[in-house]
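Engineer: Sequence first, predicted coordinates after that:
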Amino acid sequence: MWTHYGLCSLALANPTLDERAIAQRLCTEYIHFAHQGRRFRRGTKITDEEDEGMLIREARSTDVQALAYVHVASWQTTYPGLLPDTTLARFTLEQRVQMWAGILRASDEKSCVFVAEEAEEVVGFASGGPERTGDPVYTGELYAIYLLATAQGRGVGRALFTSVADALVGQDRRALLVWVLDTNPACRFYEALGGVRVRTKQEEFDGVPLTEVAYGWADTGPLLARR
């Protein structure tokens, strides 16, 4: 029986396969997780020790295919109806594998990538680092956070978010922002974490103008203290 990552490998090895169809198929395959006794490891001093339930750890070079799978699968469940179909069609497994290989290869002390792992399967990730446009107030940025549908609503997203925030506090980047489509249901997630709308901008996706909003935290310290 193919695992999630085995199917990713199949897509990459056989260029005649429709990668988007495979990604959609992956999204329908549910992993059965243990819901009892979950504990989260958070922050920068995360070890690779086995733990009962969910493990939040720093990403490794061997996580490239897993990161690509989660990225594509979550896009296919999150963005239909929010982004143009042509944009989604270009978001392929092969493209994401190449992207994540480059990110992990070029990573430095200022950027961070954390993964959520359960039963030796990566079910989510978050990445962050210095704010990318030179914002005078918000010096840290959450670049991305994505979870498989089966990992949502279980506190995994919060654990990933606070791991990135904690790593950035270690760089004296206590003010953090994240950009998100204003129609994305994830806006409620950021609001629940205390984020407030501080910036807006217009972006075009295949000729379709869409509004992005930045949620900001002037100081993530109080949020981290409540973990």
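Structural biologist: Structure received.
Engineer: residue closest to the middle of the chain?
Structural biologist: Central residue of the chain (CA atoms, centre = their mean): Ile145, 2.3 Å from the mean position.
Engineer: Quick check: chain neighbours aside, which residue is closest to that residue?
Structural biologist: Nearest non-adjacent residue to Ile145, counting by CB to CB, 6 or more residues apart in numbering: Ala126, 4.0 Å away. The C-beta positions use only the backbone N, C-alpha and C, and glycine is treated the same way.
Engineer: any weak-confidence spans in the protein?
Structural biologist: Across the chain, the ranges flagged by pLDDT under 70 are 1-52.
Engineer: what about the strands in it?
Structural biologist: Assigned strands in the chain, in chain order: 55-58, 112-118, 121-130, 140-147, 176-181, 196-205, 208-217 (criterion: DSSP state E).
Engineer: Could you export the ones you listed as JSON lines, including distance to Ala68?
Structural biologist: As requested, the strands of the chain are arranged in JSON lines below (distance: least, CB to CB, whole Å):
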{"stretch": "strand 55-58", "distance to Ala68": "17"}
{"stretch": "strand 112-118", "distance to Ala68": "12"}
{"stretch": "strand 121-130", "distance to Ala68": "10"}
{"stretch": "strand 140-147", "distance to Ala68": "11"}
{"stretch": "strand 176-181", "distance to Ala68": "21"}
{"stretch": "strand 196-205", "distance to Ala68": "21"}
{"stretch": "strand 208-217", "distance to Ala68": "23"}
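Engineer: Of all those, which one is nearest Gln95?
Structural biologist: Proximity to Gln95 (CB to CB) singles out strand 140-147 among the strands of the chain, at 14.6 Å.
Engineer: hmm, who's touching that closest one?
Structural biologist: Strand 140-147 is contacted from outside by 70-71, 74-75, 78, 116, 123-132, 156-157, 160-161, 164-165, 168, 171, 173-179, 186, 220, using CB atoms under 8 Å, 6 or more residues apart in numbering.
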